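*Asks:* requesting a structural model of the entry that follows:
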Amino acid sequence: MQDAPKDIAAIEDYHAHVYYDPASKDRAATLRQWVEERFSVRMGRWHDEPVGPHVQAMYQIAFTPDLLPTLVPFLMLNRMGLTVLLHPQSGRPRDDHTLNAVWMGEVLPVKTAVLREIG
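*Replies:* Next up, the predicted model:
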């Protein structure tokens, strides 16, 4: 059990990872375009092969906490069946990608061995 609640001020920003495969890449491209047109975010590169802790092709959307109330519902309603992993960036990568994560769609495995805890 935890002694005290975690401080949400530790969240520097958020990442949303949009997963796709060859059959769904067109939908992923459409979603990416819609997000870029509507939100001030940092879009990551297309990763057509698994990278880091991710077991499927994906791209990342990095965004500030003030966008959480608008971007997340947009992704929920417009993900077109794609799987999205949403997680905070709190300085604890393993916890952020697992314990503190929210999944939209299928829950995929995460390679936790490559995620180091900081602090």
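*Asks:* which residues of this structure fall in strands?
*Replies:* 13-19, 42-43, 58-63, 84-89, 102-104 (DSSP state E).
*Asks:* now the angle from the fourth one to strand 58-63?
*Replies:* In this structure, strand 84-89 runs at an angle of 50 degrees to strand 58-63, with axes from the mean of the first three to the mean of the last three Cα atoms, to 10 degrees as the basis.
*Asks:* elements contacting strand 84-89?
*Replies:* strand 13-19, helix 68-78, helix 93-97, strand 102-104 (3 or more Cβ pairs under 8 Å, 6 or more residues apart in numbering; DSSP states H and E). Backbone N, C-alpha and C define where each C-beta goes, glycine included.
*Asks:* and the spatially most central residue of the chain, what does it touch?
*Replies:* In the chain, the centroid-proximal residue (Cα atoms, centre = their mean) is residue 16; its distance is 2.1 Å. Contacts of residue 16 were listed using Cβ atoms under 8 Å, 6 or more residues apart in numbering, and they are 60-61, 63, 71-72, 75, 84-86.
*Asks:* about what we covered before: so for residue 30, which of the strands of the chain sits nearest?
*Replies:* Using Cβ to Cβ as the measure, strand 13-19 is the one of the strands of the chain that comes nearest residue 30, at 10.8 Å.
*Asks:* what's the average pLDDT for that closest one?
*Replies:* Mean per-residue pLDDT for strand 13-19: 98.
*Asks:* still on that earlier bit, export the helices and strands packed on strand 84-89 to CSV and append columns for distance to residue 112.
*Replies:* Below are the helices and strands packed on strand 84-89 laid out as CSV (distance: least, Cβ to Cβ, whole Å):
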stretch, distance to residue 112
strand 13-19, 15
helix 68-78, 24
helix 93-97, 5
strand 102-104, 15
